[in-house]
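Asks: coordinates only, sequence not included:
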């Protein structure tokens, strides 16, 4: 973790005051690594009738097929009770289901126990979600940044912006101006988020600095980490011809994943991918090896007779492409760890400094979601609610 010369670093919860608990789906089947399986699961649910549909749905105290639920903000889905639903499946959306694991979700409020509508209201192409991971190991990132809707079951979620369109940064009021006065240049909200990624400690405190040179180096490192975590735009590549390739075709239904450290080869049954740097294979978040967890989520069979058992009959080519990109991302993120551990501070800005400057504590209004009054959302059974 970054070395510091003081113990009065402000908490992330004070710098980004609005946070939301993670969503709780209540059932696994509305999420899958491929969208076709989700549509097939929905069709299987609608073919079932009465008690059989209820059983397939996997009811909880929070959701049954008779629950009256409105649409998710920004999503067009039916709002009749699932017990008599007949409409098409909502178009699946890409979400982040685990650290570095991008999958698909049916964005239907009726399927999710706790969907966190306040997060859906601010999810757009400008938004960046900061997600706590629980990571505590040296050099690990205790938070992740993602452009996708965060469907992880980890720690709290902090949107960078409180409103759609990149409006109203979720930062302590006055923080940007205070940093600008000390650094000699006004930072952007993305700059502050980049610094947080570079400097945040496992205890989720964020050392700040008034040293413009240190700030610039930290922001540059954090922006690269953010680009790799979000994986939007140009695809990342390993330098020096180290790009991983498929050396032996992956089988149609792989069952086991292993790693040959001597040859830097990822073994997918008889399939072979190399070179895979050891840093990519060893990459863990909160004690879980990312590559193993990613593979298990695509190969673990669902319980027979459940909707989760509806899965691809063979390994799709798109998953191979995703695997190669994930190896690259993990290897490049691992290269940033020395920059995190080497980040030093010569002119710290403490939590006391921020309180003396009236930046902290943030007002209560900054810890609540902003009001959204520009559109209507359909409630249960087609009724509309103005928010």
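Replies: Looks like it arrived, so ask away. Since the structure is predicted, the reported quantities are computational estimates derived from the model, not experimental observations. Residues are numbered from 1 along each chain as shown.
Asks: now residue 33: how far from residue 73?
Replies: Shown here: residue 33 relative to residue 73, a distance of 25 Å by CB to CB, to the nearest Å. Glycine gets a C-beta too; all of them are placed from N, C-alpha and C.
Asks: try residue 14
Replies: Distance, residue 14 to residue 73, using CB to CB: 27 Å.
Asks: and if you look at residue 20?
Replies: Separation of residue 20 from residue 73 (CB to CB): 13 Å.
Asks: same deal with residue 337?
Replies: 37 Å.
Asks: So if I had to pick from these two, which one is more boxed in?
Replies: Taking other CB atoms under 10 Å, residue 337 and residue 73 do not tie; residue 73 has more neighbours (21 against 18).
Asks: In three-state terms, label the more buried one for me.
Replies: Three-state secondary structure (criterion: DSSP: H, G, I helix; E, B strand; the rest coil) places residue 73 in coil.
Asks: Which pLDDT does the model give it?
Replies: The model reports residue 73 with a pLDDT of 92.
Asks: residues touching the residue nearest to residue 35 when sequence neighbours are not counted, list them.
Replies: Among residues not flanking residue 35 along the chain, residue 92 sits closest, at 4.0 Å (CB to CB, 6 or more residues apart in numbering). Residue 92 makes contact with 32, 35, 38-39, 104-107 under the criterion CB atoms under 8 Å, 6 or more residues apart in numbering.
Asks: neighbour-wise, which of those leads?
Replies: Using other CB under 10 Å as the neighbour test, these are led by residue 32, with 27 neighbours.
Asks: what's the closest non-adjacent residue to that one?
Replies: Leaving aside its chain neighbours, residue 32 sits nearest to residue 38 (5.1 Å; criterion: CB to CB, 6+ apart).
Asks: Flag every buried residue along the helix or strand containing that neighbour.
Replies: Element membership of residue 38 [criterion: DSSP states H and E] is helix 35-47. For helix 35-47, a neighbour-count test (16 or more other CB atoms under 10 Å) marks 35, 37-42, 44-46 as buried.
Asks: can you put the residues you listed in a markdown table and add distance to residue 8 and pLDDT?
Replies: Shown next, in a markdown table, are the buried residues of helix 35-47 (distance: CB to CB, whole Å; pLDDT from 0 to 100):
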| residue | distance to residue 8 | pLDDT |
| --- | --- | --- |
| 35 | 48 | 97 |
| 37 | 50 | 98 |
| 38 | 48 | 98 |
| 39 | 53 | 98 |
| 40 | 55 | 98 |
| 41 | 51 | 98 |
| 42 | 52 | 98 |
| 44 | 56 | 98 |
| 45 | 54 | 98 |
| 46 | 57 | 97 |
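Asks: which one among these gets closest to residue 266?
Replies: Lowest distance from residue 266 to these (CB to CB) belongs to residue 37, with 24.2 Å.
Asks: OK, contacts around that closest one?
Replies: When contacts are counted by CB under 8 Å, 6+ apart, residue 37 touches 310-312.
Asks: Mind doing that once more with 10 Å?
Replies: 29, 31, 92, 104, 302, 307-312 (CB atoms under 10 Å, 6 or more residues apart in numbering).
Asks: Buried residues in stretch 231-240, which are they?
Replies: Neighbour counts over stretch 231-240 (16+ other CB under 10 Å) mark 231, 238 as buried.
Asks: okay, how far is it across that stretch, tip to tip?
Replies: For stretch 231-240, the first-to-last residue distance is 21 Å (CA to CA, to the nearest Å).
Asks: what pLDDT, on average, does that stretch get?
Replies: Mean per-residue pLDDT for stretch 231-240: 79.
Asks: hmm, who's touching that stretch?
Replies: The set of residues that contact stretch 231-240 without belonging to it, under CB under 10 Å, 6+ apart, is 100, 102, 125, 146-148, 224, 226-228, 243-244, 275, 277, 280, 321-322, 324-329, 331-333, 335.
Asks: so where do the strands sit in the stretch 151-300 of the chain?
Replies: Applying DSSP state E, counting those that start in this stretch to the stretch 151-300 of the chain gives strands spanning 157-159, 161-163, 167-169, 208-209, 245-248, 257-260, 265-268, 271-274, 284-285, 288-289.
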